[in-house]
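>>> have a look at this prediction, sequence included:
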Amino acid sequence: MRSPTEACQTPHLDRVNAPSDIKSLTDAELSLLADEVREEVIASVATTGGHLGSSLGVVELTVALHAVFDTPRDKLIWDVGHQCYPHKILTGRRDKMHTLRQEGGLSGFTKRSESEFDPFGAAHSSTSISAALGFTIARDMGEAVGDAIAVIGDGSISAGMAYEAMNNAGAMGRRMFVILNDNEMSIAPPVGAMSNYMSGLSGLKDIASGIEAALPGPIRDHARRARQLVTGAHEEQSTLFENLGFQYIGPIDGHDMGQLLSVLRAARTRATGPVLIHCCTTKGKGYAPAEASHDSYHGVSKFDPATGIQAKSKPNAPSYTQIFGEALADEARRDPKIVGITAAMPGGTGLDIFAKAHPNRMFDVGIAEQHGVTFAAGVAAGGLKPFVAIYSSFLQRGYDQIVHDVALQNLPVRFAIDRAGLVGADGATHAGAFDIGYLAALPNMVVMAASDEAELVHMVATAAAYDKGPIAFRYPRGEGEGVMLPEKGIPLEIGKGIVVRQGFDVAILSFGAHLGESQRAADLIEAQGLTVTVADARFAKPLDKHLIDGLARKHSVLITVEQGAEGGFGAMVLHHLANAGWLEKSLAVRTITLPDRFIDQASPDAMYADAGMTAGDIAATALQAAQVQRVKVTDIR
């Protein structure tokens with residue numbers, strides 16, 4: 001590979017506008033093409049930021065898959081999709097890579113609306129095998145679908161959904177392909193017995209009968225010798241995947257183009273049922289700074305390709321994630337019953353901070369949100385105080401367990417919900433839009449939202465002190481408001497909000513981190529001659545009905561604001577107001593929520609502007625409700 005400081009010369013890549021153009025290249029040229037694609041990925045991500053390490057790890061595999069299979073007729077499905085940058089470059093999107101994860105640009109994941117070469121959208125893990133089996137059924141029932149190929153990582157394949165799909169696919173016995181991309185690294189190092197099992201397999205090669213016979217002699221012979229030398233096992237010994245009904249091929253070197261092409265061609269030619277091909281790869285392959293990094297440059301900001309140094313701006317305040325991790329570690333120093341639980345995201349949730357302080361009280365369950373929630377329920381039933389830290393969008397995967405195993409049994413599990421609201425470059429797939437509604441609907445559940453980082457510290461303390469049932473608190477991605485932090489958190493009174501600004505005409509009741517925007521909206525409204533009360537609800541459940549009644553009684557306009565979807569906090573306030581008879585009086589009520597649509601990636605500020613949730617939007621809504629006509633609403637916006 002050339003030095004990143006040299007100009008990238010890409011004579012082979014320049015000939016590729018679509019995967020069909022790859023078919024004319026020789027095997028030697030495909031290796032050169034892979035080198036050029038790797039340089040292109042590095043150059044592209046250096047200007048935009050994004051998921052670098054995972055994409056670098058599948059460059060050769062991506063080239064080989066498109067060389068052997070016939071996409072888009074054959075359906076190539078990338079699990080999670082964060083490793084899809086080489087795929088995008090080879091499928092007609094090379095000239096748009098500079099827009100990756102930018103407003104109006106390419107998604108950082110696969111996306112059906114973006115390209116016919118993205119047959120199934122992704123961003124959450126362990127869905128690819130299920131989707132591939134669905135395409136396989138469509139093919140076998142006469143639809144214009146070719147082979148289905150799922151590419152799934154060793155972290156993602158540890159999740160139960162992947163095994164449900166393999167069990168189903170193996171029992172059906174239909175022709176389909178699963179590529180296990182085994183780099184012994186997902187976002188954080190994978191955990192659990194399945195990870196250990198994969199590592200054990202990497203010492204041998206077991207080529208399925210029939211397909212093995214079609215391989216070149218040296219590869220075939222090496223496969224047989226490797227198994228016997230490493231384990232003493234013979235060909236009749238089965239792997240877990242074979243016991244599930246798959247023909248198992250591998251492990252093979254996922255960076256050896258010759259080996260990849262031989263195995264994929266043989267598999268495509270000979271397969272009659274489901275086949276799993278086990279490829280060993282290196283995350284960050286071919287870029288020294290990524291290979292040397294502890295996280296293999298999984299997710300990076302813009303960087304200098306010559307050095308790998310990332311251009312991170314100095315934050316104005318610590319992130320909410322950092323504040324949570326530090327606050328929980330501090331609470332745990334005083335309370336030995338506190339434990340932390342996460343699902344393969346210790347760094348993303350701040351529990352890595354907790355783990356450094358309390359390593360024996362931190363549990364990473366892997367990509368297994370369902371298990372993680374029920375595990376936490378058992379921990380709580382056993383007398384400890386579990387804090388389950390999972391992104392809002394990922395917590396959706398454990399919803400039945402929240403209902404059945406936590407809320408129904410009224411177990412005191414604490415849910416720390418990061419990435420609440422709109423999250424920026426990761427777009428709609430990672431938006432924390434729905435947790436207010438889906439948690440507040442549950443009996444026994446307490447639901448809080450932090451308006452700033454100081455409130456977050458108090459909510460950690462509140463959750464630690466609360467033992468009457470499950471409790472959740474949500475907070476956004478990114479840096480805080482820059483407020484002074486308390487020395488230690490003080491538990492809040494359950495179900496009580498606070499008034500932070502007093503007026504008489506318009507009341508804005510904010511739930512969560514849009515309080516600052518609500519304060520700015522109040523300034524705009526007061527510039528038009530009205531006075532404004534701003535209140536921080538703190539709780540969506542239980543509602544502070546006394547506070548709401550007071551606002552309704554003393555103001556002619558009541559606006560609720562939340563960083564969540566319709567059917568959340570505002571809906572609960574409306575429900576109370578209706579039952580209390582306030583809607584039959586002269587009170588004008590408006591709810592400001594995320595709109596009933598998914599919002600594509602952009603900066604968080606741009607996404608909230610798209611959602612109609614800026615200070616100007618809030619002020620305009622209030623003035624319209626107050627029937628203030630002397631100023632144009634468009635001027636306020």
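Received, thanks.

>>> residue 534: neighbour count?
22 (other C-beta atoms under 10 Å). Just so you know, the C-beta spots here come from the backbone N, C-alpha and C atoms, and that holds for glycine as well.

>>> let me redo that: residue 300
Count around residue 300 with other C-beta under 10 Å applied: 22.

>>> now it. Nearest residue, chain neighbours left out?
In space, and not counting its chain neighbours, residue 300 is closest to residue 52: 5.1 Å by C-beta to C-beta, 6 or more residues apart in numbering.

>>> residue 171: neighbouring residues, count only.
Count around residue 171 with other C-beta under 10 Å applied: 11.

>>> show me which positions of the host helix or strand of it end up buried.
Using DSSP states H and E, residue 171 maps to helix 160-172. Within helix 160-172, the residues scored as buried using 16 or more other C-beta atoms under 10 Å are 161-163, 165-166, 169-170.

>>> excluding its own residues, what touches whichever helix or strand comes after it? List them.
Per DSSP H and E, helix 160-172 leads on to strand 176-182 as the next helix or strand towards the C-terminus. Residues from elsewhere that reach strand 176-182 (C-beta atoms under 8 Å, 6 or more residues apart in numbering): 57-58, 61, 65, 83, 128-129, 132-133, 135-136, 147-154, 157, 166, 169, 198, 202, 246, 250-251, 254, 267-268, 271, 274-281.

>>> any low-confidence regions in the stretch 401-550 of the chain?
Low-confidence segments of the stretch 401-550 of the chain (pLDDT under 70): none present.

>>> residue ranges for the strands of it, please.
414-418, 446-449, 471-474, 498-501, 506-511, 532-536, 539-541 (DSSP state E, counting those that start in this stretch).

>>> to residue 397, which of those strands lies closest?
strand 414-418 (13.1 Å; C-beta to C-beta).

>>> average pLDDT for the helix or strand residue 608 falls within, rounded please.
If you go by DSSP H and E, residue 608 is part of helix 604-610. Averaged over helix 604-610, pLDDT sits at 96.

>>> need phi/psi at the residue nearest to residue 300.
Backbone torsions of residue 52, given as degrees, to the nearest 10, read phi -90, psi -50.

>>> for it, give me its contacts.
41-42, 45, 284, 287, 290, 297-300.

>>> residue 164 now?
So residue 164 contacts residue 130 (C-beta under 8 Å, 6+ apart).

>>> quick one: it from residue 171, how far?
11 Å (C-beta to C-beta, to the nearest Å).

>>> and for residue 301?
Where residue 171 is concerned, residue 301 sits at a distance of 45 Å (C-beta to C-beta).

>>> again, but for residue 490
56 Å.

>>> and residue 608, by the same measure?
47 Å.

>>> try residue 504
When residue 504 is compared with residue 171 (using C-beta to C-beta), they lie 68 Å apart.

>>> cool, residue 593 as well?
Distance from residue 593 to residue 171, by C-beta to C-beta: 44 Å.

>>> same question for residue 74.
23 Å.

>>> can you check residue 348 too?
Distance, residue 348 to residue 171, by C-beta to C-beta: 36 Å.

>>> ok, back up a step: what about the helix holding residue 171, average pLDDT?
On average, helix 160-172 scores 94.

>>> that one vs strand 176-182, what angle?
Counting by axes from the mean of the first three to the mean of the last three C-alpha atoms, to 10 degrees, helix 160-172 lies at 140 degrees to strand 176-182.

>>> CA atoms of helix 160-172 as CSV?
The C-alpha trace of helix 160-172 is given here as CSV (Å, rounded to 0.1, in the frame of the first residue of the first chain):
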residue,chain,number,x,y,z
GLY,A,160,-29.7,-14.4,20.0
MET,A,161,-31.5,-13.2,16.8
ALA,A,162,-28.6,-14.5,14.7
TYR,A,163,-29.0,-17.9,16.1
GLU,A,164,-32.7,-17.9,15.8
ALA,A,165,-32.2,-17.2,12.1
MET,A,166,-29.5,-19.8,11.6
ASN,A,167,-31.7,-22.4,13.4
ASN,A,168,-34.5,-21.6,11.1
ALA,A,169,-32.3,-21.5,7.9
GLY,A,170,-30.6,-24.7,8.8
ALA,A,171,-33.9,-26.5,9.3
MET,A,172,-35.2,-25.2,6.0
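
>>> from the chain's centroid, how far away is that helix?
Centroid separation for helix 160-172 versus its chain: 23 Å, with C-alpha atoms, centre = their mean, to the nearest Å.

>>> so residue 436 versus residue 591, what's the distance?
With distances taken as C-beta to C-beta, residue 436 is found 12 Å from residue 591.

>>> neighbour count: the two, which is higher?
Legend: neighbour count by other C-beta under 10 Å for residue 436 and residue 591, higher for residue 436 (32 against 19).

>>> can you tell me the closest non-neighbouring residue to the more buried one?
Residue 436 sits nearest to residue 568 (C-beta to C-beta, 6+ apart), 3.5 Å away.

>>> neighbours of that neighbour, how many?
Residue 568 has 29 nearby residues by other C-beta under 10 Å.

>>> low-confidence ranges in the stretch 1-150 of the chain?
Using pLDDT under 70, the stretch 1-150 of the chain drops low at 1-7.

>>> do you know the pLDDT at the nearest residue to residue 153 once chain neighbours are set aside?
Leaving aside its chain neighbours, residue 153 sits nearest to residue 181 (4.9 Å; criterion: C-beta to C-beta, 6+ apart). We have a pLDDT of 95 for residue 181.

>>> beta-bridge partners for residue 181, please?
residue 153, residue 279 (DSSP bridges).

>>> from residue 128, how far off is it?
11 Å.

>>> so which of these two has more stuff around it?
Using other C-beta under 10 Å, the more surrounded residue of residue 181 and residue 128 is residue 128, with 30 against 25.

>>> OK, contacts around the more buried one?
When contacts are taken as C-beta under 8 Å, 6+ apart, residue 128 is in contact with 77-79, 120, 122, 150-152, 156, 178.
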